[in-house]
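J.: just the structure for this:
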Amino acid sequence: MAITTAEYDKIVHAVTLYVDGANERDIDKFKEAFHEDAWMFFVDEDGILHTRPLTEAQFKSWADHPEGWTELRVLSVAQMGDVAQVATAWGDDWLDFLALTRVIGEWKITNKTSSHASR
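T.: Below you'll find the predicted structure:
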């Protein structure tokens, strides 16, 4: 199944909301980008796995970072029906796989799995 330009743009838009939310310290953009039941899994610099639901408290901690802290590069986008995966690099620090699901025609990030680039 080939990804269409329209769906590609909608998928990347959801990821861009995440980045813009961080750069603009806008929690509402995080809420728009992520599904209300989204989770995050990440391996830190020491190789320790952390898991947590993505709640308003997490969004607030992201919004509290200094302006311009994110530099997103979309490395790849894959779509199969109502699911997609986007690989991103955040500056030189984090590598992410973002799982997205199309919910009533709108793409939402449902899972963020990250590894610190030093790993």
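J.: can you pull out the strands in this protein?
T.: With DSSP state E as the criterion, the chain has strands at 34-43, 49-53, 72-80, 83-90, 94-103, 106-116.
J.: in the fourth one, what counts as buried?
T.: Taking 16 or more other Cβ atoms under 10 Å as the basis for neighbour counts, the residues of strand 83-90 that come out buried are 84-86, 88, 90. For glycine as for every other residue, the C-beta is placed from the backbone atoms N, C-alpha and C.
J.: mind listing residues that contact that strand?
T.: Applying Cβ atoms under 8 Å, 6 or more residues apart in numbering, the contact partners of strand 83-90 are 3, 7, 11-12, 15, 70-78, 95-102, 107, 117.
J.: what do you get for stretch 13-26?
T.: By Cβ under 8 Å, 6+ apart, stretch 13-26 touches 27-30, 32-34, 59, 62-65, 67-70, 72, 74, 86, 88, 98, 100, 107-109.
J.: could you give the angle of the longest helix anywhere in the chain to strand 34-43?
T.: Counting by DSSP state H, the longest helix found in the chain is helix 5-24. Orientation check (axes from the mean of the first three to the mean of the last three Cα atoms, to 10 degrees): helix 5-24 against strand 34-43 gives 70 degrees.
J.: tell me the average confidence for helix 5-24?
T.: On average, the pLDDT along helix 5-24 is 90.
J.: where in the protein is pLDDT low?
T.: Low-confidence regions of the chain, defined by pLDDT under 70, span residues 1-2, 67-70.
J.: let me have the buried residues of strand 83-90 in JSON lines, extended by distance to residue 42.
T.: What follows is these, written out as JSON lines (distance: Cβ to Cβ, whole Å):
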{"residue": "84", "distance to residue 42": "20"}
{"residue": "85", "distance to residue 42": "16"}
{"residue": "86", "distance to residue 42": "16"}
{"residue": "88", "distance to residue 42": "13"}
{"residue": "90", "distance to residue 42": "11"}
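J.: on that earlier part again, of the contacts of stretch 13-26, buried ones?
T.: Buried, going by 16+ other Cβ under 10 Å: 29-30, 32-34, 59, 62-63, 70, 72, 86, 88, 98, 100, 107-109, out of the contacts of stretch 13-26.
J.: ok, the nearest residue to residue 38 once chain neighbours are set aside - how many residues close by?
T.: Leaving out its chain neighbours, the residue that sits closest to residue 38 by Cβ to Cβ, 6 or more residues apart in numbering is residue 54, at 4.3 Å. For residue 54, the neighbour count with other Cβ atoms under 10 Å is 22.
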